[in-house]
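Chemist: Here is a sequence together with a model predicted from it:
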Amino acid sequence: MVNEVRLNGRQWVIAVLLIGLAALLIPRLWPRVERFETGPDYRIPYALSKDYWLWQRRLNEAAGPRNIVMLGDSVVWGEYVMPDGTWSHFMNQEAGGGDRFINGGVNGLFPLALGGLVEDYGGALHNRKVLLHCNVLWLSSPKADLSATKEEKFNHARLVPQFSPRIPCYRADANERIGVLMERNFGLIAWVNHLQNAYFDQKSILTWTLASDAEDPPKYLNSYKNPLAQIRLAVPTAPATDPERGPQSPRHQSWTKTGGPAQFEWVDLSASLQWAAFQRLVARLRARGNDVFVVLGPFNEHLVAPESRPGYVQARDGIAAWLSAQNVPHLAPETLPSELYADASHPLTAGYALLAQRTTASPAFRQWLEK
Amino acid sequence: MLFHTWPFLLFLLVVVPVFYALRHTRLWIPWLMAASYFFYGWWNPYYLALVFYSTTLDYFLVALMDHCPRGGARVDVIGRLTRLRFDDRVLQAAFLISATATAAAIMGAVLGPPTLRPTLAVLGVLFALMAVGALFSHRRVWLVISLVNNLALLLFFKYARFAVENLNALLHGLHLAWKLPDPAGLMPFGAAYLLPVGISFFTFQSLSYTIDFYFGRTDRERNFLRFATFVCFFPQLMAGPIERARHLLPQFRQFPPIRRENFTDGLSLFLVGLFKKLALANYLSFYVERVYDHPAAFGAPALLLATFAFAWQIFFDFSGYTDMARGVARLLGFQLILNFNNPYLATGLGEFWTRWHISLSSWFRDYVYIPLGGNRGGAWRTYRNLFITFLLSGIWHGAAWTFAIWGALHALGVMVTRELERSAFYRDRVPKLVKQLGVFSFVCFTWIFFRAESLDDAFLIVRRIFTAGWSDPQIPALLLLLTAFVWLYQFLYESRLRPVLQSGFVRVGLAVLMALYLFLFSSGGGAFIYFQF
């Protein structure tokens, strides 16, 4: 016999038990050995946006019974602002300090992906208060809605429904789709993904050892490094200063300085994949006993060209009507002053402060909070 | 559908239980065949027509061969032609059908749609040959038809473009105005001219059945479904091992016994194969591609190490595939032949070929080398036969001069080691390890021609290995460590330490490590190298 790594029945039972034990225990015990420093205004670092295992861990560790998890896309996460300029920061400030409002936003997320995130990694979200943001930007075109037929590459494809409902622009092959389902259902694979995100530049460990820089000829910086030494047992934190974000950043400026009004191809609510996903998400969160409050917008209406406005109003009113019909407490804040937006949906730091004021001042929100 | 993908796992989770559930019925063979056709059709459903065609033709050719007397017989050709006076009704029907089909195909080739004319013309020739076969009732004619048909398929899909390009270059060099058209124009209905995956394997397997039947080495298979399952049996359809009818066909005659070993051995083989492919071959391929895609940009150490890495990549890739194929077949209760036996521990090149791709080398030995005369007729004839066999074996791998040179180099290597083995000094005094390293180094050298994108690249790599400067190869240390570990394992396995490696503790430990390593380190990966052949 040539291949002598040939196990008999008893040996297979032992091997499977050992593998199963490792698969079960490693992801569960890992938080005990890996430091995860969060602190006030913590949000998942931009570089770890696709580390869903870490998001899960953050919710498990931070979401106490009194905490309110704020869920949403980069509007909740704070695309143009530093952690102390986010919506959750100002919500906490309005609430008199503390860390009651938790930033559960993830950069680049959208309702179809948020649904997957909550479904597969949001086990901690039950019997809690959840503030859910609804961004109508995802209805602004078939491309944003992911209902276009042309193939698109988009963020967080590992969170979207893989088989049903069908996303026409998502063209992953069967192997990739089943692999995603495996990752969602096997903690060990999600944990490996966490290692890759946290310590190996979002690469597999083998690919990381072959990574090159951008020079010509390229240098292969990790060739002789020990990959295991990369695992420093501390989740990387966001850089203290981020040239891409915060008032000092050139990106942190009003949209009026970078562009003008825009046309939108609003997708009808009845045909929208993102809206259907949002509806399912609300139903799922409520089915888990969560007390959900939805904040609709505020979208940057100043940016909407007059011809596109009726479509916007129809979408916004349709969403509000559905929320009312479902008895979901909600708020559709008045649009912020034009200069407080960085683009169609992201406020600047002062915009978030004003949004937090308006949210906390709303009777609907107060009533929900005190319930 | 690749073995190391999730769809294959799902496929297996359906196929195996249903297969076992059908054990008391006669449906298990149709089920295996349907599963195999589904597996093959997953790549490209159009390829199924080709497998079905090759299978059907060989099945009927052997059936007709069976109706012809061994050793030939006097035949009244005129009587058969004029009065259709055949002793055998089957041959009579074959003659009538073939003659009618020949006329129809020729008419179609003349009057039919232009995209179908070449195909119909070829079919016309085939039917005409069959009519001649029936007329003369000679077993050899059916064998020739099978050979011509299978080899023509292979030549057309694999070598036609290469031949046309080379001939056109030659015509151009001779300042002649003729230019042969691209073979893609001969495809029916304008279908894409693509190399069907695994064609070299299933044609050789089917061919071995007709040759073996002709020489009386195997019985005729009367059940078409059983024969079709033999040709397209999914574990080994894409890249072998190339099975012989006398080994695999009898296994399909009755439902295989269900034993615990089917599962334990099958899973063991599959795990080892998966590890070889995902953890080793794919990892090595990244480095090999980096260097071999731009050989002029790298120094001698990188070129040497990339060649070394490719030697192991192709071994892990192909033997990993074979392990998985054998493992899957084992799960179903079937035994496929051994295809690799630690080839890099060979002490001579002849021995290397008894350890590397054993099913192919034995195929060439039995159907090319021995019919050519083998080692009968003196040294010159032996070496001539060896050279032809290895050259064909090289060309079997692909339509490129690099493969021809690779084959020729191996032929030379076998001749040299054969001569060396005659000397008492080499045989008795040169340490085994030196011989092993010598063979390994030579094999690595030949891999340069196998892997290089072109002949120019191959010569450039050889030249640069000896002339380029010594710069940092930047090969991942982990990659070298893993390869060294496997090599060491192989050496130890062939040493006195084998019992240690065979102990339960080591086996369980290795299985657990491989499984966890696959979870932790692997990064998916592409198709198997040998699928392109």
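Modeler: Structure's in. What do you need? Numbers count the residues shown, from 1 in each chain, chains lettered A, B, ... in the order given.
Chemist: What residues does the stretch 51-200 of chain A have near chain B?
Modeler: Within the stretch 51-200 of chain A, the positions lying close to chain B (C-beta under 8 Å from any C-beta of the partner chain) are A:Ala174, A:Asn175, A:Ile178, A:Gly179, A:Met182, A:Leu188, A:Ile189, A:Val192, A:Leu195. Using the backbone N, CA and C atoms, a C-beta is placed for each residue, glycine as well.
Chemist: Output those in JSON lines; the columns should cover pLDDT.
Modeler: Output for these, formatted as JSON lines (pLDDT from 0 to 100):
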{"residue": "A:Ala174", "pLDDT": "89"}
{"residue": "A:Asn175", "pLDDT": "87"}
{"residue": "A:Ile178", "pLDDT": "90"}
{"residue": "A:Gly179", "pLDDT": "87"}
{"residue": "A:Met182", "pLDDT": "87"}
{"residue": "A:Leu188", "pLDDT": "88"}
{"residue": "A:Ile189", "pLDDT": "88"}
{"residue": "A:Val192", "pLDDT": "90"}
{"residue": "A:Leu195", "pLDDT": "92"}
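Chemist: Could you list every helix and strand that the longest helix anywhere in chain A packs against?
Modeler: Identified as the longest helix of chain A according to DSSP state H is helix A:9-33. Of the remaining helices and strands, those touching helix A:9-33 by 3 or more C-beta pairs under 8 Å, 6 or more residues apart in numbering or on different chains; DSSP states H and E are helix A:52-62, helix A:187-199, helix B:260-274, helix B:504-521.
Chemist: Would you list the buried entries among the residues of the stretch 51-200 of chain A next to chain B?
Modeler: A:Asn175, A:Ile178, A:Gly179, A:Leu188, A:Ile189, A:Val192, A:Leu195 (16 or more other C-beta atoms under 10 Å in any protein chain shown).
Chemist: Not counting its own residues, what contacts the longest helix of chain A?
Modeler: Here helix A:9-33 makes contact (C-beta atoms under 8 Å, 6 or more residues apart in numbering or on different chains) with A:7, A:53, A:57, A:61, A:186-188, A:190-191, A:233, B:260, B:263-264, B:267-268, B:504, B:507-508, B:511-512, B:515-516, B:519.
Chemist: how close does the residue of chain B most remote from its centre sit to B:Asp76?
Modeler: For chain B, the residue at maximal distance from the C-alpha centroid (C-alpha atoms, centre = their mean) is B:Arg83, at 45.9 Å. Separation of B:Arg83 from B:Asp76 (C-beta to C-beta, to the nearest Å): 9 Å.
Chemist: and if you look at A:Gln162?
Modeler: To B:Asp76, A:Gln162 is 69 Å away according to C-beta to C-beta.
Chemist: So for these two, which residue has more residues nearby?
Modeler: A:Gln162 (20 against 12; other C-beta atoms under 10 Å in any protein chain shown).
Chemist: which SS state does the more buried one fall under?
Modeler: The three-state label given to A:Gln162 by DSSP: H, G, I helix; E, B strand; the rest coil is coil.
Chemist: where does chain B have its least confident helix or strand?
Modeler: Least confident helix or strand of chain B, by mean pLDDT, DSSP states H and E, is helix B:77-83 with a mean of 75.
Chemist: Mind giving me the packing neighbours of that one?
Modeler: helix B:117-136.
Chemist: Return the set of buried residues in the helix it packs on.
Modeler: If you call a residue buried by 16+ other C-beta under 10 Å, then helix B:117-136 has these buried ones: B:117, B:119-136.
Chemist: Can you name the residue of the stretch 201-350 of chain B nearest chain A?
Modeler: Nearest residue of the stretch 201-350 of chain B to chain A (C-beta to the nearest C-beta) works out as B:Ser268 at 4.3 Å.
Chemist: where in the stretch 1-150 of chain A is pLDDT low?
Modeler: A:1-3, A:63 (pLDDT under 70).
Chemist: for it, what spans make up the helices?
Modeler: Taking DSSP state H, counting those that start in this stretch to define them, one finds helices in the stretch 1-150 of chain A at A:9-33, A:52-62, A:74-77, A:87-94, A:111-121, A:142-145.
Chemist: Tabulate the ones you listed (CSV), appending mean neighbour count.
Modeler: Below are those laid out as CSV (neighbours: other C-beta atoms under 10 Å in any protein chain shown):
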stretch, mean neighbour count
helix A:9-33, 14
helix A:52-62, 21
helix A:74-77, 25
helix A:87-94, 22
helix A:111-121, 23
helix A:142-145, 20
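Chemist: Please name whichever of those is nearest to A:Arg309.
Modeler: helix A:142-145 (17.3 Å; C-beta to C-beta).
Chemist: Which strands or helices does the closest one pack on?
Modeler: helix A:273-287.
Chemist: Sweet, I'm off.
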